[in-house]
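Trainee: Could you work out the structure for the sequence below:
(one chain, ligands or ions: 1)
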Amino acid sequence: MNSKKTAVDGGNHAALWHGRFKEGPDQAAVAFETSIHTDARMCFDDIKGSIAHATMLGKTGIIPQNEADSIVKELGVISDDIASGKLKIDTDAEDIHSFIEGVLTDRLGDVGRKVHTGRSRNDQIALDERLYLKRIIPDLQKEIANLMQTLVSIAEKHTDSLLSGYTHMQRAQPVTLGQHLCAWCQMLKRDYERLEDALKRIDLSPLGAGALAGSGLPLNREMTAESLGFSGVTANSLDTVADRDYCIEFVSCFSLLQMHLSRFCEEVVIWSTEEFKFINLSEKWSTGSSIMPQKKNPDFAELIRGRTGKVYGDLIALLTMMKGLPLSYNRDMQEDKQSLFDAYDTVFSCTKIFNYMIGSAEWNTKRMSDSCTGGYANATDLADYLVCKGMPFRTAHGVAASAVRAGIEAGKNLEDMSLEDLKKISPLIENDVFERLKPAFCVAARKTTGGPAHERICDQINSLKLFFNSL
Ligand code: ARG
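Mentor: All right, here's what the predicted structure looks like:
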């Protein structure tokens, strides 16, 4: 291979570990093992962790206070320089930790060489990931809440817009668009809360776990934990550097969220067909065909549905990467970040785009309401009607089924059959049945908590609004 000096074999910023080696590694080896392209996005978290660590080193007297002060000050300057673009991250460095330490040492000389006292990249990377997740997860939660708010504002306008509910993709019982959208909101609310819950578990500082066995230096772990905003420190140094549960847990949360978006997208695709025509996507969030001039395709829903495979793939990659690793740190674990970041980026953009797409769509309430008639979606209501007249439900189910059969044979909906015909099926049926079989009545009758009746949907909308106010 060519002889260009790299960071790993003693170039600009020599690898932190080059001292033990007589020979530098092969160029191809370097290209294969470095992680700077992936972990550079945690540069500010890495610097933040180093500032807390150096401050603690000074306060505990492990390094002189004035040196700790210069390290902290220079790390602040490095952070500003990266933010302003004055300092470019050198992709020849092995990883973000090496790069920051290298720049610090360039600028401060031997003082910079003290920043890694009592620390390993193993506890450092665990810290960077936790700080990064604590910083970015709230952004995703905000996107989820925004989407929920969009859905609630549509639901509010459609508390009484009739829609057939489906099971097995067959018309089942009438509901409303309001209730349907609130159903998606409940799933998204759980997705939001799952992230909140996972955040609690990463709220412990790994710093001080060292490479695996803690430190013989009098580090004050609680001090760094507190200054970094953690509620405490991790309990076992081996576990600390070997743990990637949190990556798997977050990507599981992302997978569930993405699965919900994907299901909703499937519905959008179906509902936007000529056959259904329940929803009309905005032209801004549709695409056309290069050959068929009439086409308006729901590509955004399809792309979100399609990207779900990527997120699940990231989850499987992480689970598989971890499944054979003995304690404690193993380099396999470096591969966690690609999966974690890819899953986050995917689910973040999909949530945002879905919100735009659904928020700009039009709802065809006439088509939806028409879906409640034809298909005998009120057959359960006929059975309930007979139950109210004292008939045992199983018998009522049989009677309503006979009515459906008679309707199919006569080519009529239940409500279009004559009283005389219905009475032949059960003498308990009276004229009031026709009111009871209207879809609006079916919906209004279902007043159980969580049901589609107007009052119940208003309850749901109100409690979702309370949830938004609590955020
Ligand atoms: N790039 C490494 C990772 O992401 C950082 C820790 C390196 N530790 C080591 N012993 N080589 O896991």
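
Trainee: From the centre of this protein, give me the residue that's furthest out.
Mentor: Within the chain, the residue lying farthest from the chain centre (Cα atoms, centre = their mean) is residue 420, at 56.3 Å.

Trainee: measure that one to residue 410 for me?
Mentor: 12 Å (Cβ to Cβ, to the nearest Å). No exception for glycine: its C-beta is placed from N, CA and C like everyone else's.

Trainee: Check residue 97 too.
Mentor: Residue 97 is 78 Å from residue 410, by Cβ to Cβ.

Trainee: Kindly report the same for residue 173.
Mentor: Applying Cβ to Cβ, one obtains 22 Å for the distance of residue 173 from residue 410.

Trainee: out of the two, which sits in the more crowded spot?
Mentor: Set residue 173 next to residue 410 and count neighbours by other Cβ atoms under 10 Å: residue 173 wins out with 19 against 12.

Trainee: Surely the more buried one touches residue 165?
Mentor: Yes - using Cβ atoms under 8 Å, residue 173 is in contact with residue 165, at 5.2 Å.

Trainee: biggest helix in the chain, by residue count?
Mentor: The longest helix of the chain (DSSP state H) is helix 121-157.

Trainee: hmm, back to that, toward the C-terminus, what is the element adjacent to the helix or strand harbouring the residue farthest from the centre of the chain?
Mentor: For residue 420, the host element (DSSP states H and E) is helix 419-425. Sequence-wise, the next helix or strand downstream of helix 419-425 (DSSP H and E) is helix 433-436.

Trainee: Can I get that following helix in PDB? Just the C-alpha atoms.
Mentor: Backbone C-alpha positions of helix 433-436 (Å, rounded to 0.1, in the frame of the first residue of the first chain) are rendered in PDB as follows:
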ATOM      1  CA  VAL A 433     -85.600  -0.600  14.300                       C
ATOM      2  CA  PHE A 434     -85.200   1.600  11.200                       C
ATOM      3  CA  GLU A 435     -83.900   4.500  13.300                       C
ATOM      4  CA  ARG A 436     -81.700   2.200  15.200                       C
END
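
Trainee: What values do phi and psi take at the residue in the stretch 151-300 of the chain that the ligand sits nearest to?
Mentor: Relative to the ligand, the nearest point of the stretch 151-300 of the chain is residue 211 (6.9 Å; Cβ to the nearest ligand atom). Here the main-chain torsion angles of residue 211 (degrees, to the nearest 10) amount to phi -70, psi -40.

Trainee: you'd agree it is up against residue 120?
Mentor: Yes - contact criterion Cβ under 8 Å: residue 211 and residue 120 qualify, at 3.8 Å.

Trainee: Which parts of whichever helix or strand comes after the longest helix of the chain count as buried, going by neighbours?
Mentor: Following helix 121-157 in sequence order, the next helix or strand is strand 162-167 (DSSP H and E). Neighbour counts over strand 162-167 (16 or more other Cβ atoms under 10 Å) mark 162, 163, 164, 165, 166 as buried.

Trainee: Who does the second one form a beta bridge with?
Mentor: The bridge-partner assignment for residue 163, based on DSSP bridges, gives residue 175.

Trainee: circling back: give me the more crowded residue out of residue 211 and residue 120.
Mentor: Per other Cβ under 10 Å, whichever of residue 211 and residue 120 has more neighbours is residue 120, with 20 against 15.

Trainee: Spit out the contact partners of that one.
Mentor: Residues in contact with residue 120, defined by Cβ atoms under 8 Å, 6 or more residues apart in numbering, are 209, 210, 211, 212, 241.

Trainee: if I look at the second one, how far off is residue 275?
Mentor: Computed with Cβ to Cβ, the distance linking residue 210 and residue 275 is 63 Å.

Trainee: Same question for the fourth one.
Mentor: In this structure, residue 212 and residue 275 are 61 Å apart, going by Cβ to Cβ.

Trainee: These two: which has the busier surroundings?
Mentor: A count of neighbours by other Cβ under 10 Å puts residue 212 above the other of residue 212 and residue 275, at 17 against 8.

Trainee: Please tell me how far that one sits from residue 223.
Mentor: 21 Å.

Trainee: One more: residue 396?
Mentor: Taken as Cβ to Cβ, the span from residue 396 to residue 223 is 71 Å.

Trainee: quick one, which of those two is more surrounded?
Mentor: Legend: neighbour count by other Cβ under 10 Å for residue 396 and residue 223, higher for residue 396 (22 against 19).

Trainee: in which helix or strand would I find the more buried one?
Mentor: helix 393-410.

Trainee: For that helix, which outside residues touch it?
Mentor: Outside helix 393-410, the residues that touch it by Cβ under 8 Å, 6+ apart are 376, 379-380, 382-387, 391, 413-414, 416-417, 421-422, 425-426.

Trainee: ok now it, how far from the chain's centre?
Mentor: Distance, stretch centre to chain centre, for helix 393-410: 45 Å (Cα atoms, centre = their mean, to the nearest Å).

Trainee: quick one, whatever helix or strand residue 171 lives in and strand 162-167 angle?
Mentor: Using DSSP H and E, residue 171 sits within strand 170-176. When axes from the mean of the first three to the mean of the last three Cα atoms, to 10 degrees is applied, the directions of strand 170-176 and strand 162-167 differ by 140 degrees.

Trainee: Mind listing what's buried along strand 170-176?
Mentor: Buried, per 16+ other Cβ under 10 Å, within strand 170-176: 171, 172, 173, 174, 175, 176.

Trainee: what are the bridge partners for the first one, then?
Mentor: With beta bridges defined as DSSP bridges, residue 171 has these partners: residue 166.

Trainee: Contacts only, for it.
Mentor: With contact taken as Cβ under 8 Å, 6+ apart, residue 171 is in contact with 164, 165, 371, 372, 374, 375, 376, 377.

Trainee: how about a cut-off of 10 Å?
Mentor: 164, 165, 371, 372, 373, 374, 375, 376, 377, 378, 379 (Cβ atoms under 10 Å, 6 or more residues apart in numbering).

Trainee: What of the fifth one?
Mentor: Contacts here follow Cβ under 10 Å, 6+ apart; on that basis residue 175 touches 161-166, 183, 368, 372, 377, 439, 442-443, 446, 451-452, 457.

Trainee: For my notes, confirm residue 277 occurs in a helix.
Mentor: No - Residue 277 is assigned coil when assessed by DSSP: H, G, I helix; E, B strand; the rest coil, not a helix.

Trainee: would you put the C-alpha positions of stretch 160-176 in PDB?
Mentor: Output of stretch 160-176 as PDB, limited to C-alpha atoms (Å, rounded to 0.1, in the frame of the first residue of the first chain):
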ATOM      1  CA  ASP A 160     -69.300  13.200  13.600                       C
ATOM      2  CA  SER A 161     -68.000  12.200  10.200                       C
ATOM      3  CA  LEU A 162     -69.100   8.700   9.700                       C
ATOM      4  CA  LEU A 163     -66.700   6.100   8.400                       C
ATOM      5  CA  SER A 164     -66.900   2.300   8.200                       C
ATOM      6  CA  GLY A 165     -64.600   0.600  10.700                       C
ATOM      7  CA  TYR A 166     -62.900  -2.500   9.100                       C
ATOM      8  CA  THR A 167     -61.700  -5.800  10.400                       C
ATOM      9  CA  HIS A 168     -60.000  -8.200   8.000                       C
ATOM     10  CA  MET A 169     -60.400  -5.200   5.500                       C
ATOM     11  CA  GLN A 170     -64.100  -6.000   5.400                       C
ATOM     12  CA  ARG A 171     -66.700  -3.400   6.500                       C
ATOM     13  CA  ALA A 172     -67.400  -4.200  10.200                       C
ATOM     14  CA  GLN A 173     -69.200  -1.500  12.200                       C
ATOM     15  CA  PRO A 174     -69.600   2.300  11.700                       C
ATOM     16  CA  VAL A 175     -67.200   4.600  13.500                       C
ATOM     17  CA  THR A 176     -66.100   8.100  12.800                       C
END
